[in-house]
Each structure stands twice: as structure tokens, then as C-alpha cells.
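# Okay, here's the prediction I keep looking at, along with the sequence it came from:
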Amino acid sequence: MDFIIGILIDYGYWGMLLAAFLAGSFLPFSSEAVMVALQAAGLDPWGLIIYGTIGNVLGGMLNYGVGRMGKTEWIEKYLHVKKKDLDRAMRFMAGHGAWMGFFAFLPLLGSAITIALGLMRSNIPISFISITTGKLLRYILLVYGASFMI
């Protein structure tokens, strides 16, 4: 994992975008280490926030698209997202639909939320806005929290 993070750091903002995409999708990856390392290397915090948010939202929308296909057996088999996690995400979102995409930034549950939004065929523009808002705020907090540590 350290090798991959090192490569992503070498690519600067594009490495941030790719790391955030991987982390936002169903793949088990963390973009936080890349963001903090790039910030420590002197990259502009707002550039990192923008590239990180774009990548993370694209990963979440990939999950949405996979969920929209509606093949729960594929989701379990190929994405390794357990049915109980999808059920938990759907209970969490019950009655709130697309606006619950805001919580897609949550570790472990975030991918299940975006997949569940697709399974439920939630409104795409509202899902996109809510997912983007949550992920943007998360990266803002991460960058400014890390700036106190650097």
C-alpha cells in the first residue's frame, strides 16, 4: 500500500484525483494519506480539495451506476459488499432517499450508501448534489485539520 501511495504522491493533483476515485468507489482504499502527504509536500490545499472531491464523487457515482444495474448478487460477489451492509445502508436512508447521499463520506458505510442509492433508483441530480456536498465538506475538514498537524 505504501508503494501505491508513493506513486500517487508523485503525480500530485492527478494522483490525488485517482486516490480519491479509488477511495470513493467500492475498492478498499484511503485517500486521506495521499492528501495529507501532498499537503505536506506543499501543494495548494484548495487544489487538493477540488481534485479530491471530484475523484471521490466520481467513485461514488460509479457505485451508484453499479447499484442502478440492480444485480445484488454481482454486488456481493464482485464488489464484496455484503447484503447486510446494503440492508443497513437502506435502513439508514429509509424515508430520506437521495439526500442521504450526504453521508457517503462515512468509512465502511459510504460505498454501501452510494450503491443503495442506485439500487433504490434515487433521483440522480439530488444524489449527485448530496454526495458532492458531503465529500467536499469532508475534504475541507481533512485539509484544515491536517494543517494544524503539519
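All right, it came through fine.
# so where do the helices sit in this protein?
Taking DSSP state H, the helices of the chain run over residues 2-10, 12-24, 32-40, 45-68, 72-79, 83-93, 109-119, 124-149.
# want to try CSV for these, with mean pLDDT, distance to Trp99 and mean neighbour count as columns?
For glycine as for every other residue, the C-beta is placed from the backbone atoms N, C-alpha and C. CSV is the format used below for the helices of the chain (pLDDT from 0 to 100; distance: least, CB to CB, whole Å; neighbours: other CB atoms under 10 Å):
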stretch, mean pLDDT, distance to Trp99, mean neighbour count
helix 2-10, 75, 32, 14
helix 12-24, 92, 18, 23
helix 32-40, 88, 25, 20
helix 45-68, 94, 14, 22
helix 72-79, 78, 22, 14
helix 83-93, 78, 9, 16
helix 109-119, 87, 10, 27
helix 124-149, 90, 5, 17
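# Just send the ones you listed back as JSON lines, with distance to Met100 too.
Shown next, in JSON lines, are the helices of the chain (distance: least, CB to CB, whole Å):
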{"stretch": "helix 2-10", "distance to Met100": "30"}
{"stretch": "helix 12-24", "distance to Met100": "16"}
{"stretch": "helix 32-40", "distance to Met100": "22"}
{"stretch": "helix 45-68", "distance to Met100": "12"}
{"stretch": "helix 72-79", "distance to Met100": "18"}
{"stretch": "helix 83-93", "distance to Met100": "4"}
{"stretch": "helix 109-119", "distance to Met100": "6"}
{"stretch": "helix 124-149", "distance to Met100": "7"}
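# Mind checking these for the one nearest to Phe102?
Nearest to Phe102, of all these, is helix 124-149, at 4.0 Å by CB to CB.
# quick one: the closest one to helix 45-68, angle?
140 degrees (axes from the mean of the first three to the mean of the last three CA atoms, to 10 degrees).
# Look up how far Leu86 lies from Glu76.
8 Å (CB to CB, to the nearest Å).
# which phi and psi does Arg121 have?
When read as degrees, to the nearest 10, the backbone of Arg121 gives phi 50, psi 50.
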